[in-house]
Every structure is written in C-alpha cells, then in structure tokens.
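1. please work out how this folds:
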Amino acid sequence: MAALVRLRPLAETDVDDILTWANDPEVVGNLAAFGGRAFTRDDELAYVRRTLASPTDRVFSILAAEGDRYLGQVGLHQIHERSRVGRLACIIAARQDMGRGFGSAAIRAILDHGFGALGLHKVWLMVFAHNTRGRGIYGRIGFVEEGVLREEYFHDGAWHDMVRMSVLAREWPAPGSAPDHGPQTP
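-> Coordinates of the predicted model:
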C-alpha cells in the first residue's frame, strides 16, 4: 500500500499554513480548546515556538506523499515521561482534503512514531460525544472508548460531554489495519 502522507517536524515556516485553518470555525469547530477568537500571525508564531521548545509535545506537519502539499498538523501532546502516555491531536486543514484518508494515515504514522521511537505505552484523545464520525474513525484505527466526561467543555454556547479514547502499545498495530501504516517519521 502506497503511503498517503509524509510527516515533517513542525517548523516556524509552517505558521502561514497553520493560519489557513486556525481561524476557520468549520475546521476547528470540533476542537474543544478553540477559543472562538481570531488568532494573529504573532499568536501562531508564539504557539509554534512554545511547542518547539516543549519537552512534552511532538508535533509534525502533514504533507501529501505525492507533491509535498501541506495538509495539516498531527502531534502527541502532554507526554508524561514516567507513565509513557501522550495525547493525540490531528487537524486536516482544508475541507476538500477531509474524508480522503489523509488524517487516518497521519494518525497511523504518529502512532508508529509514538509507540516506536518515543516508546510510549498509551496514546489517548478526547472527542466530543456528539462527533460520531470522529469516534468511528478513531475506532477503526484501533482506539477504544474509555469513558465519558460529562459536561466537560463549554463550547458554542452549551456544555458538551467528551469521550476519552485510547490505544495501548500492545494493541498496535491496530487490528485489521494494513501492515504498512504509512510513512516513517523522522
């Protein structure tokens, strides 16, 4: 199976690409952390610099394997070294690229990196309970629902339940997935 994506470590030069989606509510609407205010280029540059300096975040830009076109970001955040756990986040930037397998390929690649090079034991994520499409995608990749955090986030004028999902190193590669999870991360 040919790889759909390639991961490249986050760089300050990604700021303008990040700004193509960071202020689009249709793209970031499923992010509980979305504050609803526009981010400036300086805001994003500061975020990138903090992330690059962070000992607990590993973030990559997602590029199309064919042509190196920017597709979005994927990362492992809040890495707790002693417990060897980290939180997954993934964004596909353009609506026309969503639903084409790029996000799933990027998640598989970052899980390969997390369970391989980083030696993580567990990767977890949070998803809005009403985001059944996202929950289904994560489930097909190999994530298991751990529980519901009731009314965890106030977003878009209402309280929302969040579902925590995870995959353990011993469960990876994900059941039913192809042996080639995509590109190797640096």
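2. tell me where the protein has strands.
-> Listed in chain order, the strands of the chain (DSSP state E) span 5-9, 58-64, 70-80, 85-92, 122-128, 144-155, 158-168.
3. from Arg69, how far off is Gln96?
-> Distance check for Gln96 against Arg69: by Cβ to Cβ, to the nearest Å, it reads 11 Å. Every residue, glycine included, has its C-beta placed from N, CA and C.
4. kindly reformat the strands of the chain as a markdown table containing mean pLDDT.
-> Compiled in a markdown table, the strands of the chain are given as follows (pLDDT from 0 to 100):
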| stretch | mean pLDDT |
| --- | --- |
| strand 5-9 | 95 |
| strand 58-64 | 96 |
| strand 70-80 | 96 |
| strand 85-92 | 95 |
| strand 122-128 | 96 |
| strand 144-155 | 93 |
| strand 158-168 | 95 |
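5. of Gln96 and Arg69, who's got more company?
-> Neighbours per residue, other Cβ atoms under 10 Å: of Gln96 and Arg69, the larger number sits with Arg69, 12 against 8.
6. count the neighbours of the residue lying closest to Gly101 once chain neighbours are set aside for me.
-> Once flanking residues are discounted, Gly101 sits nearest to Leu4: 5.6 Å by Cβ to Cβ, 6 or more residues apart in numbering. In terms of burial, Leu4 registers 21 neighbours under the definition other Cβ under 10 Å.
7. identify the residues contacting Leu4.
-> In this structure, Leu4 makes contact with 64-65, 100-102, 105, 182, judged by Cβ atoms under 8 Å, 6 or more residues apart in numbering.
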